[in-house]
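> can you look at this prediction? I've put the sequence above it.
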Amino acid sequence: MSESGGTTIPAYTANPNAPLSGAAQTVSETGLLAIVWVCFSIATVFVALRLTVRLRQNRSFLFDDYWIMFAWLCILTMAILQTEQMPSLWYTTYLGAGRVAPDLDTGWKTEQLTRWQFPIIKLFWTVLWSIKASFMTVFFRLVHPFPVLRRLWYCVAVFTSLAYIGCWLASALTCSPPGDYFKAGACDSPHEIWMQKFDVVFSTCVDITSDLMIIALPIGILPSLQLDFHRKVGLGIAFSLGIIIIAVAVVRMTQVINPAGPMVDLVGLAIWGAVETCTAVIVGSLPPLKALLSRSVKKYSSRSKSHYAAGPSRQGGGGGAGGRGGYGLNSVSRTAMVAQSIPLDDMHRSNQKDGGIYVQRTYETTVEFDEEASSRDDDEAGIVKKGRAL
């Protein structure tokens, strides 16, 4: 035992080569920092692409875009806080493994970690629920014409909101009493350690349940749509993008909870928190980008067909694009043939009816349409609207 400043510190010999547990075995502090900011950078690229496409299509942002913006702000703040918590996180990890010995600052450093983790966990759930809100906003426009599905949408919205509140409460109640949350060593009883694991399981379960309920809302529309089977399958896949987030959430839960250890893997929690929020933002940004991709494929297909038809026409003398008088690819040409009788004068005789000859005249009309305006019907809302109108 040694004394310093009136505080007794037990004698302890640290082993710098002591084995680490969990994700810390394979990821260093620098590697964890790189994972956090790479995930943020990827999410930022997808958000920028989504907002750019949406702004070019609609000249303004929609309500679901603002939820994506809010999620991006939260993931930015979360990345900054995760960077700030690195010294406390790795000190606590090394302390638990026995690589460093406790000193006078041990209590303060572990308390700092809890102060960083509290807002990080709340921002994590806020990012995920912002993406849910974005999908709910889009799906409301789809289910609004269906009274039953519209009522179910309100039920899902209430459940999702209560689930978000429940995640906050489950995190705050890991300590008994909750006021001891930020006190070093005050939440280390067996019951409180069990509550920490329960918090991860509970919050993941309500997260997955709410995702499944949100996915089921638009899928319930498909049987009533007058669309072919392949189109319905495509819509079902587009509506089920949230399954990607669910898969990552399941992996996160299995990697964070260490059955062999007494506590949650803090390093794994930081890694998979960054990965899941990045995945959620990417999935939330995909619907407008999917519409852009489908239009690009249509443009390429249209150009290929036009080039194939134009080749033989030129050899035959004046067809193809030139035959359309300079009209673009997005035009429709129609030809009408009209028979007209021209009477003859008294000096000529004809065996035709009414003493005239018949001249056949051909008229060609070309109608151009705005591809940008029609391309707005390439998204799921436009396809559902067409399916209901058929």
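Here it is on my side, so go on.

> CA atoms for contacts and neighbours, from now on please.
OK.

> all helices for the stretch 201-350 of the chain, in order.
Secondary structure of the stretch 201-350 of the chain (DSSP state H, counting those that start in this stretch): helices at 229-239, 242-256, 266-316, 320-323.

> tell me the average confidence for the shortest one?
Spelled out, that is helix 320-323. The average pLDDT within helix 320-323 is 44.

> pLDDT value on residue 11, please?
With respect to pLDDT, residue 11 scores 54.

> kindly report the same for residue 50.
Confidence score, pLDDT, at residue 50: 92.

> okay, residue 251 and residue 105: tell me how far apart.
Distance of residue 251 to residue 105, computed by C-alpha to C-alpha, to the nearest Å: 35 Å.

> got it, and residue 148?
Residue 148 is 60 Å from residue 105, by C-alpha to C-alpha.

> now residue 117
Going from residue 117 to residue 105 by C-alpha to C-alpha gives 19 Å.

> equivalent analysis for residue 176, please.
Distance from residue 176 to residue 105, by C-alpha to C-alpha: 24 Å.

> which one's more surrounded, these two?
Counted by other C-alpha atoms under 10 Å, residue 176 and residue 105 do not tie: residue 176 has more neighbours, with 15 against 9.

> and the more buried one, which helix or strand is it part of?
In the assignment (DSSP states H and E), residue 176 maps to no helix and no strand.

> that one: what's it in contact with?
Counting by C-alpha atoms under 8 Å, 6 or more residues apart in numbering, residue 176 makes contact with 187, 192.

> give me the pLDDT value at it.
So residue 176 comes in at 73 (pLDDT).

> quick check: phi and psi at it.
Residue 176 adopts backbone torsions of phi -130, psi 110, taken as degrees, to the nearest 10.

> ditto for residue 144
Backbone torsions of residue 144, given as degrees, to the nearest 10, read phi -60, psi -40.

> how close does it sit to residue 75?
Separation of residue 144 from residue 75 (C-alpha to C-alpha): 31 Å.

> which one of these two has more residues nearby?
Higher neighbour count among residue 144 and residue 75: residue 75, with 27 against 13, using other C-alpha under 10 Å.

> distance of that one from residue 269?
15 Å.

> counting neighbours, what do you get for residue 234?
Neighbours of residue 234 under the rule other C-alpha under 10 Å: 12.

> residue contacts, it?
Counting by C-alpha under 8 Å, 6+ apart, residue 234 touches no other residue.

> next one, pLDDT for it please.
We have a pLDDT of 79 for residue 234.

> how much space between it and residue 256?
Distance of residue 234 to residue 256, computed by C-alpha to C-alpha: 34 Å.

> over to residue 29?
Separation of residue 29 from residue 256 (C-alpha to C-alpha): 17 Å.

> compare these two (neighbour count), which wins?
Per other C-alpha under 10 Å, whichever of residue 29 and residue 256 has more neighbours is residue 256, with 24 against 15.

> in contact with residue 246, which residues?
By C-alpha under 8 Å, 6+ apart, residue 246 lies in contact with 208, 211.

> ok, residue 265 next?
Residue 265 neighbours (C-alpha under 8 Å, 6+ apart): 22, 23, 255, 256, 257, 258.

> ok, the second one touching residue 267?
Yes: A contact is recorded between residue 23 and residue 267 when judged using C-alpha atoms under 8 Å, the distance being 5.9 Å.

> among the two, which residue is more densely surrounded?
Between residue 23 and residue 267, counted using other C-alpha under 10 Å, the more crowded position is residue 267 (23 against 18).

> please tell me how far the more buried one sits from residue 47.
For residue 267 relative to residue 47 (C-alpha to C-alpha), the value is 27 Å.

> please name the residues that touch residue 217.
Contacts for residue 217 (C-alpha under 8 Å, 6+ apart) come out as 139, 143, 149, 152, 153.

> if you set the cut-off to 10 Å instead, what comes out?
136, 139, 140, 142, 143, 149, 150, 152, 153, 156, 239 (C-alpha atoms under 10 Å, 6 or more residues apart in numbering).

> and the residues you listed, which is closest to residue 166?
residue 156 (14.9 Å; C-alpha to C-alpha).

> the closest one: neighbour count?
Neighbourhood size, residue 156 [other C-alpha under 10 Å]: 18.

> swap in residue 173?
By other C-alpha under 10 Å, the residues close to residue 173 number 17.

> and the pLDDT for the nearest residue to it once chain neighbours are set aside?
Counting by C-alpha to C-alpha, 6 or more residues apart in numbering, residue 173 lies nearest to residue 195, which is 7.9 Å off, once chain neighbours are set aside. Note on residue 195: pLDDT of 82.

> count of neighbours near residue 195?
Counted with other C-alpha under 10 Å, residue 195 comes out at 21.

> so it belongs to a helix, correct?
Yes: secondary structure of residue 195 (DSSP: H, G, I helix; E, B strand; the rest coil): part of a helix.

> what's the spacing between it and residue 116?
Counting by C-alpha to C-alpha, the gap from residue 195 to residue 116 is 19 Å.

> common neighbours of residue 23 and residue 267, please.
Counting by C-alpha under 10 Å, 6+ apart, the contacts common to residue 23 and residue 267 are 32, 256.
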